[in-house]
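Enquirer: with the sequence up front, the predicted model follows.
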Amino acid sequence: MEFSFEHSTMATVAAAIAAETPRRKRKAPVSNDEPENVKRQKLTISPLLSHLPPLTDSESSVDSPRSSHFAFSSATSRSPTPPSNLTLKKTRGGRPKTKVVPYPRNKQLKLSTRLRKDRPFTKELPFEIWQGIFGFCSPNFLLKVCTVSYFDEILARNELTWKLARQEYYADPDMPDPPPGVSEKEYARLLTGTGCQNCDESKTRKTYWAYQRRLCEKCHQESIVVEKQAFNDSGFERLGQYHEMRALMLQCIPVAKYDSWEKYQWVGNYDEPPAWGKLYPNGQRNYYQRSRIDDLKIEFSKSSLNAESTQEEIAAFFNPKIAANEDYVSKLQAVEDWCESFKVMDKEGKKALYTKRADYYKNQALLMDPPLEAEALKQCESFRGAVRIAREPTSKSWSILEGKLKIERVPVEEKLAKKRHHDAVQEFRRQLRQDYQENVARRVMQDAPEQLLVSELAGAVIKDLQQKRAEIANEDLIHVFFRRVFDTYQTSDSKPEGKRGKYQLIMDDARYVFYKHFRPMIQDEIQPNIPHPALQVKCPGCPDNFGTRSFAEHMRHIHTSHLYEGTDLSNFSANRDSVEFAWMYREWPRNLPMLASHHKSTGCWNPDDCSAYQYKYDLSDLLDEA
């Protein structure tokens, strides 16, 4: 009779004990001196035994597993010890140690496998399971898996796994199968692999489908032959006896088209260029693979063809090869056309993902505190690397990028601020040069509206000065003249329109009225080699002992001596592109940077000073100035 532990008496007792025993947390040991109601209650199995089901005849027999169990337990147990001689061992807490009576375990139950680092999993999976796993992997991953010898043996003898992996990865029902003579593994290597297949160059990615090889530039040039040199050596001379068969031999080998720069284009002949290709106006050249030419030479030399062969014998040898080559080239064209079209679509898809990632990160950067501008974001190296990943943007990718941007934004924003300042300066200088050229072209004939107006106002000022000439010192004449002309123009209601609103006087206007009206007024008083006091001015930025200069020389002095000081004088002469003063685009201030000989130089100059002019003599009653 087969023994069943689940239906045995001991199993029933154990289940009842487990149900009756409450789960308690460990408590402090109870002392024997405590009251009886405080002590821990002991579990007795006598009440449980009283509720056992009655024994059947089979169980009461000697051969019953139930009776044999108790017989075995009683036979192996020790004889009971009198209570008076029993000394129980106690734990450190004072609780008596109780002996746990184990019950038989079900040996049929099996635990699940535990994976541990110190115990490698040595159980080999069946080949079918690996085949199902590899069927969902990419071809490039399978090529990496083949570097392990165990998996290389599995994949080497299973073409179906490679095909399933390729179809699952590309998910294109129109994808052609590998061309004849190319295995699925080699097909995957041509599609996704890198490195030259003839040498150790590891960065090559170009696959030449006309030759079913991925070659570097050096190996590619060594493995091809131009059509003019094909079959022209080693017994196949241009004037040899087999020269008439050369055209037929070329039809037996796949031809590759190259442009005039010897760059590979496609395999075979097309009536119109493919959608992914381009036909250059300089024409094409035919190239052939050197190894195929050598193989055909060997096969031709072993044939029975000679100079006396008939046309039927020649056709019987070449026609099957030509037909097979045309079919082979058509399959190569199908593979090449799909691969190049896939590259174009894949490139467009990646470009769309790049744009999507960039837009997402730009919007997130504007939510930073403070916001990060798009122009500064583009200068961050981490951003440029993140947008070159062809994946959908996620909040996790942004959180990773945000931590990097917080570190990179400080130097980037400083650099951007310097660049903007430099661009603003360059734009200002460009605008000045443009204004200069426009003013020169417009004022060369001295008939511009502003020139006519300022000339009229200057003539009126000269008439007034001539009437009061005796009361004004020569050193004050030029200063009074310029101030009166400037104030009269500012209060005029007939100002002409300029480029940016009403026309504002420039230094060329001051120079114009100086030479046209002021200098002729004192021309009769000028003596040769003797500077006239009315024409001499002093620089406010130089010490008093530096002397005086004429009006034009004084402006040239400011441009050359005070250009890089960083003061108002250097800003007044901001023409760093020329050695001449900026007459054509520098505005005419009310307080020109020049002093009379009796003025004291303070080392500074205020172009907007509206205080009254200090004459050499007190003539305030004679000249009513604002």
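Expert: Everything's here; your move. Because the structure is a prediction, the values reported are computed rather than measured. Numbers count the residues shown, from 1 in each chain.
Enquirer: distance of the closest residue to Gln504 other than its chain neighbours relative to Asn571?
Expert: The shortest distance from Gln504 to any non-neighbouring residue, by Cβ to Cβ, 6 or more residues apart in numbering, is to Glu587 (5.6 Å). C-beta here means a position set from N, CA and C on the backbone, and glycine is covered the same way. Glu587 sits 11 Å away from Asn571, going by Cβ to Cβ, to the nearest Å.
Enquirer: continuing past the host helix or strand of Gly349, what's the next helix or strand?
Expert: Assigned by DSSP states H and E, Gly349 falls within helix 311-365. Counting by DSSP H and E, the next helix or strand C-terminal to helix 311-365 is helix 374-378.
Enquirer: alpha carbons only: can I get that next one in CSV?
Expert: Extracted in CSV, the C-alpha atoms of helix 374-378 (Å, rounded to 0.1, in the frame of the first residue of the first chain):
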residue,chain,number,x,y,z
ALA,A,374,17.8,78.7,-26.4
GLU,A,375,21.0,80.4,-27.6
ALA,A,376,22.8,79.5,-24.4
LEU,A,377,21.4,76.0,-24.4
LYS,A,378,22.8,75.4,-27.9
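Enquirer: what about it, distance to the chain center?
Expert: 12 Å (Cα atoms, centre = their mean, to the nearest Å).
Enquirer: so after it, what's the next helix or strand?
Expert: Toward the C-terminus, helix 374-378 is succeeded by helix 381-386 as the next helix or strand (DSSP H and E).
Enquirer: quick one: list the elements packing against that next one.
Expert: Applying 3 or more Cβ pairs under 8 Å, 6 or more residues apart in numbering; DSSP states H and E, one finds that helix 381-386 makes contact with helix 311-365, helix 395-443.
Enquirer: and the average pLDDT for it is what?
Expert: Mean per-residue pLDDT for helix 381-386: 94.
Enquirer: buried sites along that helix?
Expert: Buried residues in helix 381-386, counted by 16 or more other Cβ atoms under 10 Å: 382-383, 386.
Enquirer: equivalent analysis for stretch 517-535, please.
Expert: 517-519, 521-522, 532-535.
Enquirer: mind checking which of the residues you listed are in helices?
Expert: 519, 521 (DSSP state H).
Enquirer: just the closest of the buried residues of stretch 517-535 to Lys616, please.
Expert: Pro533 (9.9 Å; Cβ to Cβ).
Enquirer: quick check: closest non-adjacent residue to the closest one.
Expert: Asn474 (4.0 Å).
Enquirer: and Val454, by the same measure?
Expert: In space, Val454 is closest to Asp509, 5.1 Å off (Cβ to Cβ, 6+ apart).
Enquirer: any idea how far that neighbour lies from Arg95?
Expert: According to Cβ to Cβ, Asp509 stands 114 Å off from Arg95.
Enquirer: which of these two has more residues huddled nearby?
Expert: Asp509 (25 against 15; other Cβ atoms under 10 Å).
Enquirer: pLDDT at the more buried one, what is it?
Expert: Note for Asp509: predicted pLDDT of 90.
Enquirer: show me what contacts it?
Expert: For Asp509, the contact set (Cβ atoms under 8 Å, 6 or more residues apart in numbering) comprises 450-451, 454, 588.
Enquirer: can you name the next helix or strand after the lowest-mean-pLDDT helix or strand in the chain?
Expert: Ranked by mean pLDDT, DSSP states H and E, the weakest helix or strand in the chain is helix 65-76, scoring a mean of 39. Downstream of helix 65-76, the next assigned helix or strand under DSSP H and E is helix 127-134.
Enquirer: what packs against that following helix?
Expert: helix 149-156, helix 159-170.
Enquirer: out of those, deepest packed?
Expert: Among the helices and strands packed on helix 127-134, helix 159-170 has the highest mean neighbour count (mean count of other Cβ atoms under 10 Å), at a mean of 17.
Enquirer: give me the angle between it and helix 149-156.
Expert: Compare the direction of helix 159-170 with that of helix 149-156 by axes from the mean of the first three to the mean of the last three Cα atoms, to 10 degrees and you get 90 degrees.
Enquirer: alright, I will stop here.
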